[in-house]
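[1] Next comes the sequence, and after it the predicted model I'd like to discuss.
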Amino acid sequence: MDNAFSPDRRTLLRLSWPIFIELVLQMLMGNVDQMMISRYSATSVAAVGNANQILNFLILTFNVLCTASIILITQYRGAGDKKRAGQVYSVAFFTNLLVSAVISLIIFVFNRPIFRLMQVPPDVLPESSVYIVITGGFIFLQAMSLTFSAFLRSNAFMVQSMTASIAINLLNIAGNALLIHGVGPIPPLGVAGVAISTTVSRAIGVLILYHMFRKYIKGRISLRALRPFPKDLLKKLLGIGLPSAGENFAYSLSQITILSFINLFGTAVITTKVYASMLAMLSYIFASAITQATQIIIGHLLGARRVDETHRQVMSTLRASMLISFIASLTLCVFARPLFSLFTDSAEVLALGQKIMFIELFLEQGRAVNICFVRCLQTAGDIRFPVAIGVLSTWIVAVGLGWVLGVGLQLGIVGIWCAMAADECLRAVLFIFRWRAGGWRRKNLVAA
């Protein structure tokens with residue numbers, strides 16, 4: 001096994017910190033377009049927000065093959081089968097390119113009917129259409145960016161992926177600054193300027209990532225690799241990726257449903273939810289980063305059939321994730337009032353925020369376990385169990401119990417947050433038992 005994937009703490013840290021920085025950047029800069037356009041027009045903010053709601057949902061489609069690619073590439077490399085790993089590059093690239101091209105065409109032709117179904121206000125619709133035609137019409141650029149980033153991560157080039165992400169974000173900010181309000185001979189373009197900036201920065205990002213792919217991985221994207229077409233490989237990619245996509249889709253819908261409950265309790269409660277969710281990200285972002293790094297390591301271990309080392313690596317990651325998540329959530333709980341005071345002086349929001357941050361102590365322990373085991377079970381080939389448990393528990397406990405406690409018993413957002421904590425903790429217990437049962441040890445995703 002390559003030293004780059006040795007199961008030790010130094011390797012895990014080396015792979016984790018670039019992912020952590022990239023995730024932080026995504027958290028801080030994910031809504032940069034809306035932040036920068038807010039000084040131009042409130043209508044423009046609404047337009048970008050509505051368009052991004054569609055685009056973010058569609059981007060989940062590309063992650064189907066990206067997630068599966070990481071799992072298969074790491075396992076084929078661990079098994080020493082570089083030829084099959086090389087085929088994954090071409091299959092994933094051309095499949096995502098084809099899917100994204102179809103989506104681009106649909107967005108270009110049908111964006112206005114879609115916005116009307118969403119009941120987008122008439123004064124917002126024109127700018128929403130302009131933004132989504134430009135960014136969505138070139139959404140294949142985002143698909144390619146995600147695909148090459150997955151290839152780099154599969155080969156432990158996390159720093160390179162992070163560097164490209166930083167460059168894309170900085171280019172986008174610079175483009176926004178030039179095009180939204182205009183500079184010199186450049187007229188103010190508003191929403192169109194944001195869209196152009198986003199699209200150009202993505203295009204440059206794809207070129208940077210492709211250069212890194214060729215330089216560091218020395219990989220090739222070729223139609224020859226698809227002759228004869230490796231149907232079994234595409235089947236494996238979809239078999240891994242589609243269930244995960246289904247789980248993400250179900251989770252997204254559940255969160256929309258829970259938000260509809262919270263909307264019943266007024267502006268102060270909605271505001272509390274927004275701030276609490278934002279702060280909660282600080283508790284689990286480390287768990288997400290270290291687990292993504294672990295996924296790369298255990299993919300190589302499992303490809304080499306080193307299952308005992310895989311178990312030790314996963315349990316080590318679990319302990320680290322739970323410890324850091326506890327420290328982060330405890331800090332948020334202790335300093336809840338001053339932290340919420342940074343955003344508001346509402347006594348109601350401050351009081352609710354303190355209660356929510358206390359519940360977060362328990363919720364984040366469950367979430368740390370779930371983040372770890374869902375990715376690790378999927379990498380080990382146990383695909384369906386995490387999906388089934390995730391969908392059932394989220395809808396029965398988080399949504400169902402959330403409605404009973406929050407709406408039925410009038411406990412409001414506190415009751416809803418308790419239900420979400422119960423959901424995370426229940427799934428955590430089930431996943432621990434599933435991992436310890438050891439069924440994953442007998443699976444082999446890269447077997448012929």
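    Thanks, I have the structure now.
[2] Now do the same contact list for the closest residue to P188 other than its chain neighbours.
    Counting by C-beta to C-beta, 6 or more residues apart in numbering, G182 is the residue found nearest to P188 once chain neighbours are left out, at 3.8 Å. For every residue, glycine as well, the C-beta is placed using N, CA and C. Contacts for G182 (C-beta atoms under 8 Å, 6 or more residues apart in numbering) come out as P188, L189, G193.
[3] Which pLDDT value belongs to G182?
    Note for G182: predicted pLDDT of 84.
[4] So the chain: which segments form each domain?
    31-229, 240-442 (automatic domain parsing).
[5] For F20, which of those domains is the nearest?
    Set against F20 and scored by C-beta to C-beta, the domains of the chain come closest in domain 240-442, at 3.8 Å.
[6] Now I186, what are its backbone angles?
    In terms of degrees, to the nearest 10, the main-chain angles of I186 are phi -80, psi 120.
[7] Count the neighbours of the nearest residue to it once chain neighbours are set aside for me.
    Once flanking residues are discounted, I186 sits nearest to L178: 6.0 Å by C-beta to C-beta, 6+ apart. Using other C-beta atoms under 10 Å, L178 is surrounded by 16 other residues.
[8] cool, and V124?
    By other C-beta under 10 Å, neighbour count at V124 equals 20.
[9] Contacts only, for it.
    T43, A46, A47, N50.
[10] Contact partners for the second one?
    Think A46. By C-beta under 8 Å, 6+ apart, the residues touching A46 are P121, V124, S128.
[11] Show me where the stretch 151-300 of the chain has its helices.
    Along the stretch 151-300 of the chain, counting by DSSP state H, counting those that start in this stretch, helices occupy 158-179, 191-212, 231-262, 267-303.
[12] For I70, which of those helices is the nearest?
    helix 267-303 (6.7 Å).
[13] Remind me what that closest one packs against, helices and strands.
    helix 9-29, helix 42-78, helix 140-154, helix 231-262, helix 307-334, helix 347-379, helix 412-437 (3 or more C-beta pairs under 8 Å, 6 or more residues apart in numbering; DSSP states H and E).
[14] Now do it against helix 307-334, angle only.
    Interaxial angle of helix 267-303 relative to helix 307-334 (axes from the mean of the first three to the mean of the last three C-alpha atoms, to 10 degrees): 160 degrees.
[15] picking up where we left off before, for the residue nearest to I186, list the residues it contacts.
    Per C-beta under 8 Å, 6+ apart, neighbours of L178: I186, G193, S197.
[16] what about it, distance to A47?
    In this view, L178 and A47 are 20 Å apart by C-beta to C-beta, to the nearest Å.
[17] go on, L361?
    Taken as C-beta to C-beta, the span from L361 to A47 is 39 Å.
[18] what about those two, which has more around it?
    Shown here are L361 and A47; by other C-beta under 10 Å, A47 has more neighbours (29 against 16).
[19] Was I right to think that one contacts V191?
    Yes: using C-beta atoms under 8 Å, A47 is in contact with V191, at 5.6 Å.
[20] any residues in contact with both of these two?
    Common neighbours of A47 and V191 (C-beta under 8 Å, 6+ apart) are E127, V130, Y131.
[21] Among those, which lie within helices?
    Of the positions in the shared contacts of A47 and V191, E127, V130, Y131 sit in helices, assigned by DSSP state H.
[22] Neighbours of the second one, how many?
    What that stands for is V130. 20.
[23] In contact with it, which residues?
    Applying C-beta under 8 Å, 6+ apart, the residues contacting V130 are A47, V191, A192, A195.
[24] And for the first one?
    Shown in contact with E127 (C-beta under 8 Å, 6+ apart): T43, S44, A47, V48, G190, V191.
[25] ok so, going back, I'd like the contacts of V130 written out as a markdown table, with pLDDT added.
    Formatted as a markdown table, the contacts of V130 follow (pLDDT from 0 to 100):
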| residue | pLDDT |
| --- | --- |
| A47 | 77 |
| V191 | 87 |
| A192 | 89 |
| A195 | 90 |
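[26] would you turn the residues you listed into a markdown table with distance to A167?
    Below are the contacts of V130 laid out as a markdown table (distance: C-beta to C-beta, whole Å):
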| residue | distance to A167 |
| --- | --- |
| A47 | 27 |
| V191 | 24 |
| A192 | 23 |
| A195 | 19 |
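[27] between the residues you listed, which has the most around it?
    Neighbour max across the contacts of V130 (other C-beta under 10 Å) = A47, 29 neighbours.
[28] Need the nearest residue in space to that residue, chain neighbours excluded.
    With C-beta to C-beta, 6+ apart, the residue lying closest to A47 is E127, at 3.5 Å.
[29] can you check L179 too?
    With C-beta to C-beta, 6+ apart, the residue lying closest to L179 is G193, at 2.9 Å.
[30] Quick one: residues contacting that neighbour.
    Contacts of G193 (C-beta under 8 Å, 6+ apart): G175, N176, L178, L179, I180, G182.
[31] which residues touch the first one?
    Under the criterion of C-beta under 8 Å, 6+ apart, the neighbours of G175 are G193, I196, S197, T198, V200, S201.
[32] Now do the same for the spatially closest residue to the third one that is not a sequence neighbour: its pLDDT.
    Translated: S197. Leaving aside its chain neighbours, S197 sits nearest to G175 (2.8 Å; criterion: C-beta to C-beta, 6+ apart). Listed pLDDT for G175 reads 91.
[33] ditto for L28
    Reading off the model, L28 has pLDDT 64.
[34] so I186 bridges to which residues?
    Beta-bridge pairing for I186 (DSSP bridges): V183.
[35] What is the neighbour count of it?
    11.
[36] so where's the stretch 51-200 of the chain uncertain?
    Counting by pLDDT under 70, the ranges of the stretch 51-200 of the chain that qualify are 53, 118.
[37] let's see it at 80
    Scanning the stretch 51-200 of the chain for pLDDT under 80 picks out 51-54, 56-61, 64, 117-121, 184.
[38] so what's L302 up against?
    Contacts of L302 by C-beta under 8 Å, 6+ apart are Q75, G78, T310, T379, A380, G381, N444, L445.
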